[in-house]
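# Pasting a predicted model and its sequence here:
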Amino acid sequence: MIARLAFSLLPRRGARRASAAAVACLVAALPAFAAPHAASAQQKTGAIPGLAGLDHVAIGVNDIAGALAAYRRLGFTVIPLDSPGAGGPGGIIDLGSGFLEFVAPGVDSLGKPQPYTFEGAIGQGWEIGSSKDVAAFLRGKGGETTAPVGATFALAPDSAGKSAAAPPGPTFTLSEPSEQPISGTAVYFVEYDQPKLRQLFDEIVRRSGVGDPTDHPNGAAELAYVTVVVSHLGDIVKVLRSWGLDPRPPVQDQRGAQTVEVPLPRGTLYLTSPTSNGGIDDFLEERRSKAPPVGSRYFEGSILSIGIGVADLNETIDWLTDHNVPYVPMDLPAGRVEVLQGAPGWGLRIELVQAGKDRSRQWAAHRGGQAASAAGAAGARAPAASSDQGGSQ
């Protein structure tokens, strides 16, 4: 399987555009990576060429160490990252089909840290096959993309102080539509050089010491969706349709909102717009009261939640209960979800949902293989043990 790695080029809220120099600076500062994923579904004719789907969500936090510790308590395996760039340390949660990235604040021209005034999810990356093909596609629709920016990852020295050279040349490129469909939440296109990333990924995992980065105690198995709050729902749906995507008819959900599902080849984008007081409306009002004025009652493009598929939702609930992790059950357009309590990031909601059947089978097979390996290892250490002792993990 092929590993993947990405740098997020995610501007602060309000910074809608980034110059080539600013993008290059961010590339040096914000590293991340993720593990292999299954092949994406066949693409719809006329859609963004080579679109594989939802790749990652970046979360900007001022206290990286505190955020990583909090997500570990929620049952995720977290990989800390050392960044030699200006962005400071970071971390990722590898969900197999995609990943979450924790991004430290940037710095000003004098190297002074500039804390986020509004923490939370700050952008989403969509994986593509060719930046050139996507640029040509959008030009045909009357749009443009920023020039692709190539980047690679400089590996930090390991515990013995030994450095490792990264593969020569960029290992991925990033670009963004010049006119974002969702103005307050950046959508980035990510193109990977898979062979080079395999080499990097193997070394990063070895240096992290976490073992299998996709083995999460809470059963997390995939990056399922993001929910973005918008105020101009119809306009955004038109843009996404022009990209060849297929937004579904809007539905009402219990949060006092109208929600549109936008299926991607891998993962789903939900667009939700408040229709009444309470629920999402109150959530946004709380954000408004804590953040600088943005000229609108609603935060156009605020990422409300990240959906994470789990292999067996009932087993996950048992784990959360056993480990005193609070959660709130809800019925949403994505289905039955358990909203975790205690995730840092200005009220960003982490929603656990039953993973798709294919992903659940992959996860079960993966866990079964681990149990078989453990049983074999136990048998090798204790030949006299009965054959059924090692397989009950």
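Right, received. Where do you want to start?
# Now do T146 against T173, distance only.
Distance of T146 to T173, computed by CB to CB, to the nearest Å: 11 Å. All C-beta atoms are positioned from the backbone trio N, CA, C, and that covers glycine.
# which parts of stretch 89-105 are buried?
Buried residues in stretch 89-105, counted by 16 or more other CB atoms under 10 Å: 90-105.
# so which of those comes closest to F201?
F201 has its nearest neighbour among the buried residues of stretch 89-105 in D94, at 9.5 Å by CB to CB.
# pLDDT below threshold where in the protein?
Along the chain, the parts satisfying pLDDT under 70 run over 1-46, 82-88, 151-170, 182-185, 277-279, 283-301, 345-347, 357-393.
# Just the helices from it, written as ranges.
Taking DSSP state H as the criterion, the chain carries its helices at 20-29, 64-73, 131-140, 194-208, 233-242, 280-290, 313-322, 357-381.
# What residues sit buried inside the fourth one?
So the one you mean is helix 194-208. By 16+ other CB under 10 Å, the buried positions in helix 194-208 come out as 196-198, 200-201, 203-205, 207-208.
# do the same with the third one
Buried positions in helix 131-140, judged by neighbour count with 16+ other CB under 10 Å: 131, 134-135, 137-138.
# Can you lay out the residues you listed as a markdown table showing distance to G309?
Below are these laid out as a markdown table (distance: CB to CB, whole Å):
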| residue | distance to G309 |
| --- | --- |
| S131 | 28 |
| V134 | 26 |
| A135 | 32 |
| F137 | 29 |
| L138 | 30 |
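# Please convert the buried residues of helix 194-208 to a markdown table, extending it with distance to P249.
Compiled in a markdown table, these are given as follows (distance: CB to CB, whole Å):
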| residue | distance to P249 |
| --- | --- |
| K196 | 42 |
| L197 | 38 |
| R198 | 41 |
| L200 | 43 |
| F201 | 40 |
| E203 | 47 |
| I204 | 43 |
| V205 | 43 |
| R207 | 48 |
| S208 | 44 |
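# Show me which of those residues is closest to K238.
L197 (35.3 Å).
# And that closest one, how far from V205?
From L197 across to V205, the span is 12 Å (CB to CB).
# show me where the stretch 101-250 of the chain has strands.
120-128, 149-151, 172-175, 186-192, 220-229 (DSSP state E, counting those that start in this stretch).
# just those strands: most buried one?
Burial of these is given as mean neighbour count (mean count of other CB atoms under 10 Å); strand 220-229 ranks first at a mean of 27.
# Show me what it is packed against.
Where contact means 3 or more CB pairs under 8 Å, 6 or more residues apart in numbering; DSSP states H and E, strand 220-229 is packed against strand 53-60, strand 268-274, helix 280-290, strand 302-310, strand 349-354, helix 357-381.
# what pairs with it, and is each one parallel or antiparallel?
strand 268-274 (parallel), strand 302-310 (antiparallel) (DSSP bridges).
# what angle do it and strand 349-354 make?
130 degrees (axes from the mean of the first three to the mean of the last three CA atoms, to 10 degrees).
# quick one: strand 220-229 to helix 313-322, angle?
Orientation of strand 220-229 against helix 313-322 (the same axes, to 10 degrees) gives an angle of 90 degrees.
# could you check the angle helix 233-242 makes with strand 220-229?
In terms of direction (the same axes, to 10 degrees), strand 220-229 departs from helix 233-242 by 130 degrees.
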